[in-house]
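A.B. asks: attaching a predicted model along with its sequence, questions to come.
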Amino acid sequence: MGSGPGEGHAPGQQERPKDAMNYGRWASRGIILALLVLVAGCSGAKEPPVESRTPQEIYLDAEALLESGKPRQAAELFAEVERLYPYSEWAKRSMLMSAYAYHQAGRHEESRAAANRFLDFFPADEDAPYAQYLVALSYYDQIVDVGRDQENTLEALQELRDIIERYPDSEWAASAKMKFDLALDHLAGKEMEIGRYYLARGHYTAAINRFRVVVQDYQTTTHTPEALHRLVEAYLSLGLDAEAQTAAAILGHNFRGTRWYQDSYALLTGQGLRPEDAGGGWLSQIYRQVVLGHWR
């Protein structure tokens, strides 16, 4: 599914943590790395075993792997800092960078595990919103087409909602909100696909149930105009003219300029009917709320 990060990224594109965006925050890594490369190049010596290196050296080596396009190896090396120096400040930093690197490598479960570990140990840390964001991305970037199971979509929605509600002032909240809306649109698309399938085969009641979910639960998505039109089609096919008229009235009030309203209007007038609140069911309740502003 196409999507966006804070600025409209699609699934698979990753925002970088503060470490990756601003290396100066923790170390002047450029000079150190240059010296390490120079020494290694001149001596030709084998790299010392990881156990003999300081946490800072391991961390910087992992960053170098990340920069050279080896995110999985980088993530594993960041994890070594956690293993060998679990109580150091570098372990804390490595935990988050490991989650990021695994995400870049497409290792969603490992990324989620590292991010959740960070949240377990440092729930009040300033980087906790980003860790939560990585958890959400681990589901969001696995959202598939509407024809398949939507478990990852539901998980992503829950995690994104947590970011929006728990960290509303964080730099990740806006990106989470955009992704939340896109994931919600994806779920609505799934309901529409199934509804159209039933409608085409004359299973009108089953189709209505699907389109009703879109209108009631996903009314802010891009699929609402079509869902209302399909309700007009289905209700007319069942001879439930009043419900069809009410659906068209809601459609005309909110989406008059769409082709869906034009098609619904043509269907109704072709049978001597017009869009109006003519029923007494669930659509009439929506009409009173949305059109008349009567919420009681």
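C.D. replies: In hand now; what should we look at?

A.B. asks: by mean pLDDT, which helix or strand of the chain comes out lowest?
C.D. replies: When the helices and strands of the chain are scored by mean pLDDT, DSSP states H and E, helix 29-43 comes last with a mean of 44.

A.B. asks: can you give the domain ranges for this structure?
C.D. replies: Using automatic domain parsing, the domain ranges for the chain come out as 18-186, 202-290.

A.B. asks: which of those domains has the lowest mean pLDDT?
C.D. replies: Note on those: domain 18-186 shows the lowest mean pLDDT, a mean of 83.

A.B. asks: give the contact list for the residue lying closest to Asp277 once chain neighbours are set aside.
C.D. replies: Once flanking residues are discounted, Asp277 sits nearest to Tyr287: 4.5 Å by Cβ to Cβ, 6 or more residues apart in numbering. Glycine gets a C-beta too; all of them are placed from N, C-alpha and C. Each residue near Tyr287 by Cβ atoms under 8 Å, 6 or more residues apart in numbering is listed here: 246, 249-250, 277.

A.B. asks: top of the residues you listed by neighbour count?
C.D. replies: Thr246 (29 neighbours; other Cβ atoms under 10 Å).

A.B. asks: that one: which element?
C.D. replies: helix 241-255 (DSSP states H and E).

A.B. asks: quick revisit: now the two most distant members of the contacts of Tyr287.
C.D. replies: Greatest spatial distance among those (Cβ to Cβ): Ile250 and Asp277, at 8.5 Å.

A.B. asks: joint contacts of those two?
C.D. replies: Common contacts of Ile250 and Asp277, defined by Cβ under 8 Å, 6+ apart, comprise 287, 291.

A.B. asks: and the contacts of the helix holding Thr246?
C.D. replies: Contacts of helix 241-255 (Cβ under 8 Å, 6+ apart): 215, 224-225, 228-229, 231-232, 235-236, 258, 260-261, 264-265, 267-268, 271, 273-281, 283-284, 286-287, 290-291.

A.B. asks: distance check, Asn254 against Tyr261.
C.D. replies: Distance of Asn254 to Tyr261, computed by Cβ to Cβ, to the nearest Å: 9 Å.

A.B. asks: neighbour-wise, which of the two wins?
C.D. replies: Legend: neighbour count by other Cβ under 10 Å for Asn254 and Tyr261, higher for Tyr261 (22 against 15).

A.B. asks: give the contact list for that one.
C.D. replies: 225, 229, 248, 251-252, 255.

A.B. asks: and it, how far is that from Leu187?
C.D. replies: From Tyr261 over to Leu187 the distance is 24 Å, taken as Cβ to Cβ.

A.B. asks: may I see the buried residues of the helix or strand hosting Trp260?
C.D. replies: Assigned by DSSP H and E, Trp260 falls within helix 259-269. By 16 or more other Cβ atoms under 10 Å, the buried positions in helix 259-269 come out as 260-261, 263-265, 267-268.

A.B. asks: and the angle for the helix holding Thr246 with helix 259-269?
C.D. replies: Note on geometry: by axes from the mean of the first three to the mean of the last three Cα atoms, to 10 degrees, helix 241-255 and helix 259-269 are set 150 degrees apart in direction.

A.B. asks: so how far is helix 241-255 off the chain centroid?
C.D. replies: Centroid separation for helix 241-255 versus its chain: 32 Å, with Cα atoms, centre = their mean, to the nearest Å.
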